[in-house]
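Undergrad: need coordinates for the below:
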Amino acid sequence: MESDTMEANDAKDFTELTCTNLMIRLKILLNKVSQGDVVTFYATREQVDNTCSPFSRQGYQVSWTQTAENRYLVRIGR
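TA: Numbers count the residues shown, from 1 in each chain. Alright, predicted model coming up:
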């Protein structure tokens, strides 16, 4: 449970980005991630709907947890 709290504290807030800008940012971040590492960020429901499915189809491990109304903690890893 402690690692979940640390992970949430390190999460970037991408809720203000457009879905297109979020996809670009995630592709850049995920290219730098080593096998077994995870990118953690906050997103809106629309961002989750538009970004998580494409990454899961590309072989990434994708999960999200709702933390508030229209706010989700998203994890994408290799």
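Undergrad: what sits against Val48?
TA: 64, 72, 74 (Cβ atoms under 8 Å, 6 or more residues apart in numbering). In short, each C-beta sits where N, CA and C put it, glycine included.
Undergrad: measure the last one to Ala11 for me?
TA: Spelled out, that is Val74. 8 Å (Cβ to Cβ, to the nearest Å).
Undergrad: what do these two both touch?
TA: Shared contacts of Val74 and Ala11, counting by Cβ under 8 Å, 6+ apart, come down to 40-42.
Undergrad: dump those residues into TSV; add distance to Lys32, secondary structure and neighbour count as well.
TA: Below are these laid out as TSV (distance: Cβ to Cβ, whole Å; DSSP: H, G, I helix; E, B strand; the rest coil; neighbours: other Cβ atoms under 10 Å):
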residue	distance to Lys32	secondary structure	neighbour count
Thr40	14	strand	17
Phe41	14	strand	23
Tyr42	19	strand	19
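Undergrad: between Val74 and Ala11, who's got more neighbours?
TA: Remark: of Val74 and Ala11, Val74 carries more neighbours, 23 against 17, as counted by other Cβ atoms under 10 Å.
Undergrad: three-state assignment of the nearest residue to the more buried one once chain neighbours are set aside?
TA: Nearest in space to Val74, with sequence neighbours left out and distances taken as Cβ to Cβ, 6 or more residues apart in numbering, is Trp64 at 4.4 Å. When classified by DSSP: H, G, I helix; E, B strand; the rest coil, Trp64 comes out as strand.
Undergrad: any idea how far Trp64 lies from Arg71?
TA: From Trp64 to Arg71 the distance is 10 Å (Cβ to Cβ).
Undergrad: which residues do the two both contact?
TA: Common neighbours of Trp64 and Arg71 (Cβ under 8 Å, 6+ apart) are Ala43.
Undergrad: more neighbours, these two?
TA: With neighbours defined as other Cβ under 10 Å, Trp64 and Arg71 compare such that Trp64 has more, 18 against 15.
Undergrad: contacting residues for Tyr42?
TA: Counting by Cβ under 8 Å, 6+ apart, Tyr42 has contacts 11-15, 67, 71-74.
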